[in-house]
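Trainee: Starting from these lines, generate the structure:
(2 chains)
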Amino acid sequence: MVITSVTDGTPNPTGRNHCEDLIRATDACPAPTDRLPTDAAQHAPRTDPMRLTRYFLPVLKETPSEAQIVSHRLMLRAGMIKQASAGIYSWLPLGFKVLKNIENIVHEEQQKAGHIPLLMPTIQSADLWRESGRYEAYGEEMLRITDRHDREMLFGPTNEELITDIFRANVSSYKDLPLTLYHIQWKFRDEVRPRFGVMRGREFLMKDGYNFDLTREDALHSYNRHLVTYLRTYERMGLQAIPMRADSGPIGGDDTHEFLVLADTGESEVFYDSEITDLKFGDRAIDYDSHAECQGVLEEFTSRYARTDETHDEALFAEIPEERRRSARGIEVGQIFYFGTKYSDAMGATVSDSEGNRVPVHMGSHGIGVSRLVGAIIEASHDDKGIIWPEGVTPFHVGIVNLKQGDGEADAACESLYGQLNAMGLEPLYDDRNERAGGKFATMDLIGLPWRITVGPRGLKNGVVELTSRRTGVSEELTPDAALAKIAAIYGKAG
RNA sequence: CGGGGCGUAGCGCAGCCUGGUAGCGCAUCUGUUUUGGGAACAGAGGGUCGUAGGUUCGAAUCCUAUCGCCCCGACCA
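Mentor: The predicted structure follows:
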């Protein structure tokens, strides 16, 4: 590891889409900076950070003592995060890339459904929360701040009040409905006892979306539509997240489902019909405007028994054939709510309907724990050597391991692969350090890139390199061109 | 917020009981030899021992206070 430049957080090239400019614009990423003297002619270009002698990847051999669960340990060891204080983390380059990849997927799937991104502030005024009655109700979890004028402020734990305020100030006709606005923003909940790294931090990145509809029926369609977007979102991240009937908690409301990823370290006990784990949304086409289609998906994915301990019903559970009853642990990675007119009544968010009557809008809110997902994915996908990233979120698409740095042929072959992968729009991470093979393999296994190309003089004599799957450990010897073609096919790129 | 534990080099730890030159492993830097699953040798750099008081000729060590972090419980995404 040589600390020379700061990655610019360029979005994952597989995620090119209509929202990328928005994402870039909100990142505030620093430009690459040079910090080395100019005598480094033998080094790689400093503006080319995707090789390990240039990248910032502070991996640890030993596990820091504070980490209890595997995702926390691996995130620290892989140089993804550094704790800043209890429950608050800096995201180092590798972790930041994964976080951004997850964020990109969430953006894409929301916008496919016609949901509109915006950005609300982290710091909010207490007055707004007094209107909804939640300033007192929220309790110690809310971080309260006083500014220099003694105004009461707070670091937002969620955004129903702000979005409702935006809505009521700007929308007054049923003709502007339906409307769904969402953002991805940092939140703060002052947990008594943060733990498990980013899985239960105090500061966390969350997507929260809010739908505004004229009628209950329309709002329930919005609810169903969100359920579909969430199924697609989690599947793209390589996760199976099961929607379970849940408790509405402080948000309030009638209908709510939580999405849980099964993992031994989950905070919730869950009970479900084993048939539910066979369900896949897959790449089926869906018309988000069709009430019937979205309703159909909701029924398909929620008709079987699946509940957390909060809503578990032994009698209903007992109706499932015994061999299909399952109890397990789950990590909550999202929740959708329909809460009707709770906030619109309290805060006066009304529109004129077609007959000129002022009516409160029907609302729902829908959250995805973006930063928490980084930990959840690792919990669901790792082995004793390290992380195993699903292709959809991996920080780099493929690792290139040069077994004999300084060997002319090996160096040239690696440079060629590196250049061609970049030209395809993929992001390789080239381990060009002067390390022994074992050290390079251990690092690659730890940081979990799904594919590794191993290049050494021995193979090159026969015109081959080795392509290895991190997940299966299976290697095959291929010509460099064949290896590139396979990688291209895996990521859907033209070779 | 109740109960427990820990703050000594970037990381992991010993030293504290019984006060007297601040150590070990990994990592880092230099050199040589190495190089297909975390290399070997030689050398080097890096710590006001969390902070503040107190006791003492002398404090990492004893006492008091305070801050931080971790674990169990309650709570929570």
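Trainee: Ramachandran angles for residue A:481?
Mentor: Dihedral pair for residue A:481: phi -60, psi -40, per degrees, to the nearest 10.
Trainee: Tell me how many other residues crowd it.
Mentor: Counted by other Cβ atoms under 10 Å, the residues lying close to residue A:481 total 14. Where C-beta positions appear, they are placed from N, C-alpha and C, glycine not excepted.
Trainee: Do I have it right that residue A:123 meets residue A:155?
Mentor: Yes. In this structure, residue A:123 sits in contact with residue A:155. The criterion is Cβ atoms under 8 Å, and the distance is 6.1 Å.
Trainee: shared neighbours of these two, anything?
Mentor: For the pair residue A:123 and residue A:155, residues contacting each of them under the criterion Cβ atoms under 8 Å, 6 or more residues apart in numbering are residue A:145.
Trainee: who does the longest strand along chain A pair up with?
Mentor: Looking only at chain A and at elements set by DSSP state E, the strand with the highest residue count is strand A:325-340. According to DSSP bridges, the neighbouring strands of strand A:325-340, each with its direction, are strand A:255-262 (antiparallel), strand A:268-273 (antiparallel), strand A:362-369 (antiparallel).
Trainee: I'd like the average pLDDT over the last one.
Mentor: Model confidence over strand A:362-369, given as mean pLDDT, is 95.
Trainee: Can you name the next helix or strand after that strand?
Mentor: Counting by DSSP states H and E, the element after strand A:362-369 in chain order, helix or strand, is helix A:370-380.
Trainee: Show me how far that next one is from its chain's centre.
Mentor: Relative to the centre of its chain, helix A:370-380 is centred 7 Å away, using Cα atoms, centre = their mean, to the nearest Å.
Trainee: Convert the C-alpha atoms of it to CSV, please.
Mentor: These are the backbone C-alpha positions of helix A:370-380, laid out as CSV (Å, rounded to 0.1, in the frame of the first residue of the first chain):
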residue,chain,number,x,y,z
VAL,A,370,-28.0,1.6,2.5
SER,A,371,-25.0,1.6,4.9
ARG,A,372,-26.4,-1.3,6.9
LEU,A,373,-26.7,-3.3,3.6
VAL,A,374,-22.9,-3.3,3.3
GLY,A,375,-22.7,-5.3,6.5
ALA,A,376,-25.7,-7.4,5.7
ILE,A,377,-24.3,-8.5,2.4
ILE,A,378,-21.0,-9.5,4.1
GLU,A,379,-22.9,-11.4,6.7
ALA,A,380,-24.7,-13.3,4.0
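Trainee: Check whether that helix comes into contact with RNA strand B.
Mentor: Yes. Taking Cβ under 7 Å from any atom of the strand as the criterion, helix A:370-380 and RNA strand B are in contact, through A:371-372.
Trainee: tell me the mean pLDDT for the longest strand of chain A?
Mentor: Averaged over strand A:325-340, pLDDT sits at 93.
Trainee: thinking again about what came up before, in terms of neighbours, single out the busier of residue A:123 and residue A:155.
Mentor: Set side by side, residue A:123 and residue A:155 show more neighbours around residue A:155, with 19 against 12, by other Cβ under 10 Å.
Trainee: Mind listing the residues bridging to the more buried one?
Mentor: Taking DSSP bridges, one obtains residue A:123, residue A:143 as the residues bridged to residue A:155.
Trainee: wait, isn't it in contact with residue A:145?
Mentor: Yes. Under the criterion of Cβ under 8 Å, residue A:155 lies in contact with residue A:145, with a separation of 6.4 Å.
Trainee: which residues are in contact with both of those two?
Mentor: Common contact partners of residue A:155 and residue A:145 (Cβ under 8 Å, 6+ apart): residue A:123.
Trainee: all helices of the stretch 51-200 of chain A, in order?
Mentor: Residue ranges of the helices in the stretch 51-200 of chain A, as given by DSSP state H, counting those that start in this stretch, are A:70-77, A:93-112, A:126-132, A:134-137, A:160-170.
Trainee: Does RNA strand B have contacts with the second one?
Mentor: No. Contact of helix A:93-112 with RNA strand B (Cβ under 7 Å from any atom of the strand) is absent, the minimum separation being 13.0 Å.
Trainee: CA atoms of that helix as PDB?
Mentor: As requested, the backbone C-alpha atoms of helix A:93-112 are provided in PDB (Å, rounded to 0.1, in the frame of the first residue of the first chain):
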ATOM      1  CA  PRO A  93     -12.000   4.000  -0.400                       C
ATOM      2  CA  LEU A  94     -12.900   0.300  -0.700                       C
ATOM      3  CA  GLY A  95     -15.900   0.600   1.600                       C
ATOM      4  CA  PHE A  96     -17.000   3.900  -0.100                       C
ATOM      5  CA  LYS A  97     -17.000   2.200  -3.500                       C
ATOM      6  CA  VAL A  98     -19.300  -0.600  -2.200                       C
ATOM      7  CA  LEU A  99     -21.600   2.000  -0.500                       C
ATOM      8  CA  LYS A 100     -21.800   3.900  -3.700                       C
ATOM      9  CA  ASN A 101     -22.600   0.800  -5.700                       C
ATOM     10  CA  ILE A 102     -25.400   0.000  -3.400                       C
ATOM     11  CA  GLU A 103     -26.600   3.500  -3.500                       C
ATOM     12  CA  ASN A 104     -26.600   3.400  -7.400                       C
ATOM     13  CA  ILE A 105     -28.700   0.300  -7.500                       C
ATOM     14  CA  VAL A 106     -31.200   1.800  -5.200                       C
ATOM     15  CA  HIS A 107     -31.300   5.000  -7.300                       C
ATOM     16  CA  GLU A 108     -31.800   3.000 -10.500                       C
ATOM     17  CA  GLU A 109     -34.600   0.800  -9.200                       C
ATOM     18  CA  GLN A 110     -36.400   3.700  -7.700                       C
ATOM     19  CA  GLN A 111     -36.300   5.800 -10.800                       C
ATOM     20  CA  LYS A 112     -37.400   2.800 -12.900                       C
END
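Trainee: packing partners for that helix?
Mentor: helix A:20-27, strand A:116-117, strand A:179-188, strand A:203-213, helix A:216-236, helix A:370-380 (3 or more Cβ pairs under 8 Å, 6 or more residues apart in numbering; DSSP states H and E).
Trainee: partners of the fourth one in the sheet?
Mentor: Here strand A:203-213 has these sheet partners by DSSP bridges: strand A:179-188 (antiparallel), strand A:362-369 (antiparallel).
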